[in-house]
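# okay, here's the prediction I keep looking at, along with the sequence it came from:
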There are 2 protein chains.
Amino acid sequence: MAKEKKLVEAITSMEVDFAQWYTDVVKKAELIDYSSVRGCMILRPAGYAIWENIQKQLDASFKETGVENVYMPMFIPESLLQKEKDHVEGFAPEVAWVTHGGLEPLQERLCVRPTSETLFCDFYANIIQSYRDLPKLYNQWCSVVRWEKTTRPFLRSLEFLWQEGHTAHATAEEAEERTVQMLNLYADFCENVLAIPMVKGRKTDKEKFAGAEATYTIEALMHDGKALQSGTSHNFGDGFAKAFGIQYTDKENKLQYVHQTSWGMTTRLIGAVIMVHGDDSGLVLPPRIAPVQVMIIPIAQHKEGVLEKAAELKEQLSSFSVKVDDSDKGPGWKFSEQEMRGIPIRIELGPKDIEANQAVIVRRDTREKIVVSLDEIHSKVAEVLEAIQNDMLERARNHRDAHTYEAHSMEEFTDTVANKPGFVKAMWCGEQACEDEIKEKTGATSRCMPFHQEHISDTCVCCGKKAKSLVYWGKAY
Amino acid sequence: MAKEKKLVEAITSMEVDFAQWYTDVVKKAELIDYSSVRGCMILRPAGYAIWENIQKQLDASFKETGVENVYMPMFIPESLLQKEKDHVEGFAPEVAWVTHGGLEPLQERLCVRPTSETLFCDFYANIIQSYRDLPKLYNQWCSVVRWEKTTRPFLRSLEFLWQEGHTAHATAEEAEERTVQMLNLYADFCENVLAIPMVKGRKTDKEKFAGAEATYTIEALMHDGKALQSGTSHNFGDGFAKAFGIQYTDKENKLQYVHQTSWGMTTRLIGAVIMVHGDDSGLVLPPRIAPVQVMIIPIAQHKEGVLEKAAELKEQLSSFSVKVDDSDKGPGWKFSEQEMRGIPIRIELGPKDIEANQAVIVRRDTREKIVVSLDEIHSKVAEVLEAIQNDMLERARNHRDAHTYEAHSMEEFTDTVANKPGFVKAMWCGEQACEDEIKEKTGATSRCMPFHQEHISDTCVCCGKKAKSLVYWGKAY
Ligand SMILES: [Zn+2]
Ligand SMILES: [Zn+2]
């Protein structure tokens, strides 16, 4: 029992120190390990398997919309990065530079891609000639590098895994449509698969992507009341097309510039899953993303017939992702491990259960114990997994809604940010000066102007001038 | 017709100039495009889709043997790369060096991984303590960089995609077993999925991997008679373990070093598929790796009912990967495109066919035309795909066997390499001096000492001393 306690006790309680709790969970659940390179993490099997599940499901939904995968080089020549002015200003200060190849210095240094707009533009300029070549709907799965000063597992690291979609269209309308389509796809994925509700909206000019005309974002609220930008979709208009000369002849044989978009989600999503659903016993994974959905833990496994019955049960449940923990650890230790790893269901099965033709299903999220006849266990497991998935989303939505506040004055705003961690909804005049002032006074940044606009006041919460839109504000990761 | 001819005529005949034919095919089949970075290629949708199919099937067979996926950083600190002497000597001359992060010079430069042995060793030293932690069977899918002087699409590029498996075991026997197991898995995959027969064997010391005790290889013969090393599996013994201090306590509580392996295959396999199966009309893809297996080409598609019937047929064949080419190009052009892209089966369907309740299946590999009743088309397509897969392997095996020669003297050896492109089997004394001399005199290198040893002479083909083993020699990519 002493040993069993240790595993759990080694986690800091989230109420005591949320940041430490987070670090404890990613380490104890064996999602990541630190490497010899500052700010670069190792994705361990338990962590990478979550990414594989995210990848598989997202990739399938991209392909349903006509997206094709490609792979672009990881290096960008400095001269190419510099072609679009805003873009290079945004990224040049945080890229890694390759200056030597083998024993020779390079004539032109290369950066390791922080994102691949410039490479895709260069490629599109080569392969797009006619309206028949449009649209191009390309995506790649790869890693990118941004030389961050402070780093945090999943949330901010020098290198991270992501997908980046890059599309080219004949018209501005089609590009805008694709930008919003992908944002909606992202939000649906997060809700339906990760059980995380999102606020969908548009970034202010101050917060938009370097080189974009418009950036759309999905914003989630973590358990500690901080916001996490979870995916973005950018409409570039024809800005990049003009910088890179991407033109096509239309049906009237006239030269036109293409309109482009890009959109991406990253391993950051794993950070969101941890911080939205986790508890003081560790990770809690939504069933649709869990690499292992069911862990069968035999009780008194040395007794005759127990391991055999567990193996039989595993077979019976093989349409789920199921494992048997038949290691020589004690059951209590196994329970702690299964909880730490966030496996949605454990099934306890001992000699008495077998005698009674039953087993005990334990939900990871609520700890509820359900005694089930072995004859009905398959449908019961399906039902419980479904219930967990739905309840997790509902709890996350309730938490988010309960931590979303309105502010009608700067006093109220400052007080809310200081005392009630969460989203603050407040009206804004559209001026960056107010955005800057709010950040300086409260520490909160504008998260987005939500698609779903409400009118909670006529005037800007900061300057009192006429309000242009409602904004979600918050402290953010 | 002029237009239709152009597409095909633009390919150089393989008999005229095999290298140019190869380049033409990779471009015309839209597998790759060149990028702004010397030696780095863009994998276009048609090329990347082949890689996705390779990945999916290989990954599943790895996992069946207990392998788990992880992701390691792309950067290796110089000091880490230097820990194993032979390894750094092998790789340091051909790596890319990152010297600046953002605006600051780095204190220690980082290389972009050319392979990740050092990172895995560093990781294993952290996570392996007891015999209970063994074996570790990890793999990653990623890109690596080697600063090559001359490059060629798929065969040799600065950056390429691959998988690298890295395992750690308690005993030397277990490591050797895993090394051979993965080589066999590779060979089976190439035969069964890519329809390419392999010669399995062991590399000579001169050709083995930097830091390995033994390197095993699979070698394929291309259409032009050159060899292509297609996959390797290395047994490191405890060399890396000693350099990195990877130790575990065994059941008797004694400290032991682990024994390690690594094994990899790359996008080079796509080059092999092109050069083994392609012809003067372009690519020929084995059905099991083809992103599109069946292309339905409607004839006189403007006539009533043709496109509807084609769509119906597509539905009927939906258990295969099937598409309809309903673009506004002419049928001849569409035939050429389908052939260039190597799609295994095309189905021609016109008004007369529909009237007769039939369609025409055309095999890409043999051009054989088969008239089939629409009632039986599903089972016929399955049968033809299976026949194509098997026949492609058999043809490749026949070609390989017909281009494998024996040499009993240096005269015969030189003459064979000069006039009969292919493998040369000859006995060898085991001395590197003879290997060097053979290379200098004939241009052929030792490909491997095959697992299947034959005794074709008592003496070394070069020096006449007692022979130790049969070696496959050949000019190689
Ligand atoms: Zn204002
Ligand atoms: Zn000799």
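Sure, I can see it. Ligands and ions are numbered 1, 2, ... in the order given.

# domain assignment for chain A?
Per automatic domain parsing, the structural domains of chain A span A:2-73+A:122-277, A:294-384, A:404-474.

# which one of those lies closest to chain B?
Closest of the domains of chain A to chain B is domain A:2-73+A:122-277, at 3.6 Å (criterion: C-beta to the nearest C-beta). C-beta here means a position set from N, CA and C on the backbone, and glycine is covered the same way.

# okay, helices next: where are they in the stretch 101-250 of chain A?
With helices called from DSSP state H, counting those that start in this stretch, the stretch 101-250 of chain A shows them at A:117-127, A:172-192, A:239-244.

# tell me the pLDDT at the residue minimising distance to the centre of chain A?
What sits nearest the mean C-alpha location of chain A, by C-alpha atoms, centre = their mean, is A:L269, with 1.9 Å. Note on A:L269: pLDDT of 98.

# tell me the secondary structure at it.
A:L269 falls in the helix class when you classify it by DSSP: H, G, I helix; E, B strand; the rest coil.

# which stretches of the stretch 1-150 of chain A have low pLDDT?
Within the stretch 1-150 of chain A, the set of residues satisfying pLDDT under 70 comprises A:1-9.

# in the stretch 251-400 of chain A, what residue is nearest ligand 1?
For the stretch 251-400 of chain A, the residue closest to ligand 1 is A:R400, as judged by C-beta to the ion, at 26.1 Å.

# packing partners for the helix or strand hosting that residue?
Under the criterion DSSP states H and E, the helix or strand holding A:R400 is helix A:377-402. When contacts are defined as 3 or more C-beta pairs under 8 Å, 6 or more residues apart in numbering or on different chains; DSSP states H and E, helix A:377-402 sits against strand A:214-221, helix A:268-277, helix A:306-316, strand A:345-349, strand A:358-363, strand A:369-373.

# quick one: average pLDDT of that helix?
Mean predicted lDDT for helix A:377-402 stands at 98.

# can I get the helices and strands packed on helix A:377-402 in JSON lines including distance to chain B?
Formatted as JSON lines, the helices and strands packed on helix A:377-402 follow (distance: least, C-beta to the nearest C-beta, whole Å):
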{"stretch": "strand A:214-221", "distance to chain B": "23"}
{"stretch": "helix A:268-277", "distance to chain B": "12"}
{"stretch": "helix A:306-316", "distance to chain B": "16"}
{"stretch": "strand A:345-349", "distance to chain B": "21"}
{"stretch": "strand A:358-363", "distance to chain B": "26"}
{"stretch": "strand A:369-373", "distance to chain B": "30"}
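
# nearest to A:M14, out of those?
Among those, the nearest to A:M14 by C-beta to C-beta is helix A:268-277 (9.1 Å).

# alpha carbons only: can I get the closest one in CSV?
The C-alpha trace of helix A:268-277 is given here as CSV (Å, rounded to 0.1, in the frame of the first residue of the first chain):
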residue,chain,number,x,y,z
ARG,A,268,-0.5,21.7,-28.2
LEU,A,269,-3.9,19.9,-28.4
ILE,A,270,-2.5,17.3,-26.1
GLY,A,271,-1.7,20.0,-23.6
ALA,A,272,-5.3,21.2,-23.9
VAL,A,273,-6.6,17.6,-23.2
ILE,A,274,-4.5,17.4,-20.1
MET,A,275,-5.4,20.8,-18.7
VAL,A,276,-9.2,20.6,-19.5
HIS,A,277,-9.8,17.0,-18.3
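
# which bits of the stretch 201-350 of chain A sit near ligand 1?
Residues of the stretch 201-350 of chain A that fall close to ligand 1, judged by C-beta under 5 Å from the ion: none.
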